[in-house]
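>>> coordinates only, no sequence provided:
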């Protein structure tokens, strides 16, 4: 009865060099999922061609960090919302969730289809919901042995799911990103997500679903790097298990 957690791959694409076009996974994500009691599987969309077949066998998802957001990533958030399957976005995964807010704002009240999203969204649209941010990537290249130098504080809303999961509303988390969310993407009526965490400089660090029936959390920091943050993954796996049992 262990829930299956799909980890969405990152992609590097070179049209004329097929051996340089790759999908990849950071090993820390499946490690935490296994420790939390779930079964991790890799989800890939070759050629960025989105399909729901592999998503249908998953009970929850992790949107891992990376460098390029594709329409298939945005479509995965859309799928998770439609099916109310729990989803955790980390770093670029957090930014992907903001990208979905941008797509929805462009379509207005009408919910776009997967095909419409694939046609509409391009990687270059990232500038509409993320911007360069200094002071949040102080350890480059990143070494785990020096992780404390990468950390900064994150203040959480007291009534947020994250504050409940961690049992406190102030976290000290590794930060490894040069891009961050644009606040105006979330500051509108009908937004799917709400801001529940900020750094000391006011940077958006955590969002959660406004829909009480859908467990969806996005964090700009990297909780997967430390075992002490396992409760976040345990919460994801628990919600996925509950969803699985209700089928």
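Nice, thanks for sending it over. Fair warning: this is a prediction, and the values are worked out from it, not measured in the lab. Numbering: from 1, shown residues only.
>>> list the residue ranges of the protein that fall below the pLDDT cut-off.
The chain contains residues with pLDDT under 70 at 109.
>>> OK, contacts around the residue nearest to the spatial centre of it?
Compute the mean C-alpha point of the chain, and by Cα atoms, centre = their mean the closest residue is residue 89, 1.3 Å away. Residues in contact with residue 89 (Cβ atoms under 8 Å, 6 or more residues apart in numbering) are 62, 63, 77, 95, 96, 97, 216, 217, 218, 219. The C-beta positions use only the backbone N, C-alpha and C, and glycine is treated the same way.
>>> hey, where'd the strands end up in this protein?
Using DSSP state E, the strands of the chain run over 4-8, 10-12, 22-24, 39-43, 60-63, 87-90, 130-132, 151-156, 170-174, 179-181, 193-199, 204-209, 216-219.
>>> for those strands, which one sits closest to residue 164?
strand 151-156 (9.4 Å; Cβ to Cβ).
>>> how many neighbouring residues does residue 160 have?
19 (other Cβ atoms under 10 Å).
>>> please report the distance of it from residue 16.
46 Å (Cβ to Cβ, to the nearest Å).
>>> and if you look at residue 104?
35 Å.
>>> ok, now residue 206?
From residue 206 to residue 16 the distance is 40 Å (Cβ to Cβ).
>>> of these two, who's got more company?
Using other Cβ under 10 Å as the criterion, residue 206 and residue 16 rank with residue 206 on top: 27 against 6.
>>> tell me the bridge partners for the more buried one.
Using DSSP bridges, the bridge partners assigned to residue 206 are residue 197, residue 219.
>>> hmm, residue 161 and it touching each other?
No: taking Cβ atoms under 8 Å as the definition, residue 206 is not a contact partner of residue 161, at 9.4 Å.
>>> what is in contact with those two at once?
Joint contacts of residue 206 and residue 161 (Cβ under 8 Å, 6+ apart) are 196, 217.
>>> can you pull the contacts of residue 8?
Residue 8 makes contact with 43, 61, 62, 63, 64, 72, 73, 76, 93, according to Cβ under 8 Å, 6+ apart.
>>> now do the contacts for the closest residue in space to residue 179 that isn't next to it in sequence.
Once flanking residues are discounted, residue 179 sits nearest to residue 130: 4.7 Å by Cβ to Cβ, 6 or more residues apart in numbering. If a contact means Cβ under 8 Å, 6+ apart, then residue 130 has 95, 98, 99, 179, 180, 181, 182 as its contacts.
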